[in-house]
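1. The sequence and its predicted three-dimensional model are supplied below.
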Amino acid sequence: MTLSGYDIIGDIHGHASALEALLQRLGYTHANDTWTHSERKAVFVGDYIDRGPRIRDTLRIVRSMVDNSSALAIMGNHEYNAIAFQYHHPDGGHIRPHNLVNLNQHLQTLHQFAKRESEWGDWLAWFANLPLFLETEGIRVVHACWDDTYIDFMRSMEGPITREILLKAHVPDSDEEHAFQVVLKGKELILPDGHYFLDKEGHPRTECRTKWWLDAAGCTLGQYLMHAPATVTDLRVQPGADDIPYPADAPPVFFGHYWLDPVTPVRQAPNACCVDYSVAKDGMLVAYRHHFDRSASDPDPFVTVRP
């Protein structure tokens, strides 16, 4: 097979029916318990679990395609969180605490794998071996943020995500914590005192995700933050050590994670593109059709389906 390009697919969160419909629209065919394309390969940006109604089916689809070399897949923060949720902490409890907020986030996954502990253990081992980012055929793929400093730190890690790595990554202000937080969860900016916003689950937040691909210099908080509360939108961003923009001459980078509003998909910058349009929150599942031959590129490279 001569590969003509990649189909980069956003966060699925257990919406297997939407994934199947999207693969059909992209020209993939289903046979022998997997999906294939005659000249293209899917790339999944992570977050396969939690929230949706068919998590086990979603995992089987993604893994069968990876095993069949018809897809590539990376780790999302939900897979990372699920591994940490299972490991005990030497000081008691678990590395990812079993509090109400975390239990609620994993609730659908725990429910759908109830009395299937062995199967779930196999999936956790698969998660632990997923790459944290990809560089292939002139593109980059990461779940939340590509920052060369943290990506280079990740390159030095070999093998699966182990309990020992997770313990280091949950030590506040450690190098490991910074790397995993940025690469899998994105960069955040602390809002001025007294300001907050409510996230999609109704929790008040005083730290807001940034549009890390932008140059913060001269931006207002409304321009630079993903969900800036109205009370701060006109304030200027204060310079910081972590606001270096994604270079304009760097390879195209694709990512998910950000729960964008389900409107017409667009690139966030000429070489930065988010493919997460909130399929698990009344949104849509999105793919970006990337072609190695730019002259063959589609006028509108986005393909979408709604659950």
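-> Nice, thanks for sending it over. Values in this document were obtained by computation on a predicted structure and should not be read as measured data.
2. following the worst-scoring helix or strand of the chain on mean pLDDT, which helix or strand comes up?
-> One helix or strand of the chain scores below all others by mean pLDDT, DSSP states H and E: strand 197-198, with a mean of 76. Per DSSP states H and E, the first helix or strand lying C-terminal to strand 197-198 is strand 204-205.
3. circling back to that earlier point, now for the least confident helix or strand of the chain, which elements pack on it?
-> Contact here means 3 or more Cβ pairs under 8 Å, 6 or more residues apart in numbering; DSSP states H and E; on that basis strand 197-198 packs against strand 204-205. (C-beta placed from N, C-alpha, C; glycine too.)
4. quick one on the thing from earlier: distance from the chain centre to the least confident helix or strand of the chain, please.
-> Relative to its chain's centre, strand 197-198 lies at 21 Å (Cα atoms, centre = their mean, to the nearest Å).
5. can you give me the strands for the stretch 201-307 of the chain?
-> 204-205, 207-209, 253-255, 272-274, 276-277, 284-291, 302-305 (DSSP state E, counting those that start in this stretch).
6. Give me the below-cutoff pLDDT ranges for the stretch 151-300 of the chain.
-> Under the criterion pLDDT under 70, the flagged ranges of the stretch 151-300 of the chain are 200, 241-242.
7. So what are the sheet partners of the least confident helix or strand of the chain and their directions?
-> strand 204-205 (antiparallel) (DSSP bridges).
8. List the contacts of the strand it pairs with.
-> The contact list for strand 204-205 (Cβ atoms under 8 Å, 6 or more residues apart in numbering) reads 196-199.
9. Got a ChimeraX select line for the buried ones in those?
-> Command for ChimeraX, covering only those of the contacts of strand 204-205 found buried under the criterion 16 or more other Cβ atoms under 10 Å:
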select :197
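10. any idea which of the contacts of strand 204-205 is closest to K168?
-> When the contacts of strand 204-205 are compared for distance to K168 (Cβ to Cβ), D199 wins out at 27.0 Å.
11. Wait, that closest one touches R209, no?
-> No. Using Cβ atoms under 8 Å, D199 is not in contact with R209; the gap is 9.7 Å.
12. Give me the common contacts of the two.
-> Residues touching both D199 and R209 (Cβ under 8 Å, 6+ apart) are H227.
13. Could you find the closest non-adjacent residue to H291?
-> Spatial nearest neighbour of H291, excluding adjacent residues (Cβ to Cβ, 6 or more residues apart in numbering): G5 at 4.1 Å.
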